[in-house]
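> Next input, structure requested:
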Amino acid sequence: MTCSTTGIATASCTPEPPLTEETGVFRFDDRAGYQTAIGALIAQIDRSLDIFDTDLRDTALDSRLAVETLTRALAQSPRAEVRVVLHDAGPLQHRMPRLWTLCTAQAHRVRIRQTPRTLRHLSETFMLNGSGEAVIRTHHAHWRGKHVRADASEIAGYAGRFAEIWEACSCCISTTKLGL
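This next block holds a predicted model:
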């Protein structure tokens, strides 16, 4: 709501315009909305998918539909890459067999890193699909967030942030047996 004061005791308030498809921002505030936004994002992968998350458990990327969508997107874009930065890779490695199988099958295109302890305080999670879209949660413990389309400056900011986080992570998670 936008308010302006016209005098000492008078103020006029007008509601902000709804965020809709025309504005390119879709808001969500529950798990279903978050996972729907992720589904739409991964369906539009062009050349890359960058993911920064605590452990991927809330993303539903291990669902049959999400893995099929990712597999199809990678097949349609032979040069596409997936880069994942996690605070904890344990759930991916031990509790997400479909997604982990995809990561091992596409090990030449999927790279996974773990954040150092100095970055574990970062609580905002986000995904960028390389096609000008992002899904952003303001805090990993809350469902509130947005799916942004066609806002080049905001997406560029998150792309720069992801690049900085990626470079700060030296611990690589191997998707091949024995780390080969």
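> Can you name every helix or strand that whichever helix or strand Met127 is part of contacts?
Element membership of Met127, judged by DSSP states H and E, is strand 125-128. Contacts defined by 3 or more C-beta pairs under 8 Å, 6 or more residues apart in numbering; DSSP states H and E place strand 125-128 against helix 31-43, strand 48-53, strand 133-137, helix 152-168. From N, CA and C alone the C-beta is placed, and that goes for glycine too.
> Pairing partners for the second one, with directions?
The sheet places strand 48-53 alongside strand 81-86 (parallel), strand 125-128 (antiparallel), with pairing taken from DSSP bridges.
> cool, the third one as well?
Paired neighbours of strand 133-137 in the sheet (DSSP bridges): strand 125-128 (antiparallel), strand 145-149 (antiparallel).
> Dead centre of the chain: give me the residue that sits there.
Taking C-alpha atoms, centre = their mean, the centroid of the chain lies closest to Met127, which sits 1.8 Å from it.
> so what pLDDT did it get?
Each residue has a pLDDT score; the one for Met127 is 98.
> quick one: low-confidence ranges for the chain?
Along the chain, segments meeting pLDDT under 70 span 1-23, 177-180.
> related to what we said a few turns ago, could the strands paired with strand 133-137 be laid out in a markdown table, adding distance to Ala37?
Formatted as a markdown table, the strands paired with strand 133-137 follow (distance: least, C-beta to C-beta, whole Å):
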| stretch | distance to Ala37 |
| --- | --- |
| strand 125-128 | 9 |
| strand 145-149 | 4 |
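> mind checking which of these is nearest Gln44?
strand 145-149 (8.9 Å; C-beta to C-beta).
> roughly how far out does the closest one sit from the chain middle?
Average the C-alpha atoms of strand 145-149, do the same for its chain, and the two points are 10 Å apart (C-alpha atoms, centre = their mean, to the nearest Å).
> Need the contact partners of it.
Residues from elsewhere that reach strand 145-149 (C-beta atoms under 8 Å, 6 or more residues apart in numbering): 19, 24-29, 34, 37, 40-41, 132-138, 154-155.
> Mind doing that once more with 10 Å?
Residues outside strand 145-149 that contact it (C-beta atoms under 10 Å, 6 or more residues apart in numbering): 19, 21, 23-29, 33-34, 36-38, 40-41, 44, 124-129, 131-139, 154-155, 158.
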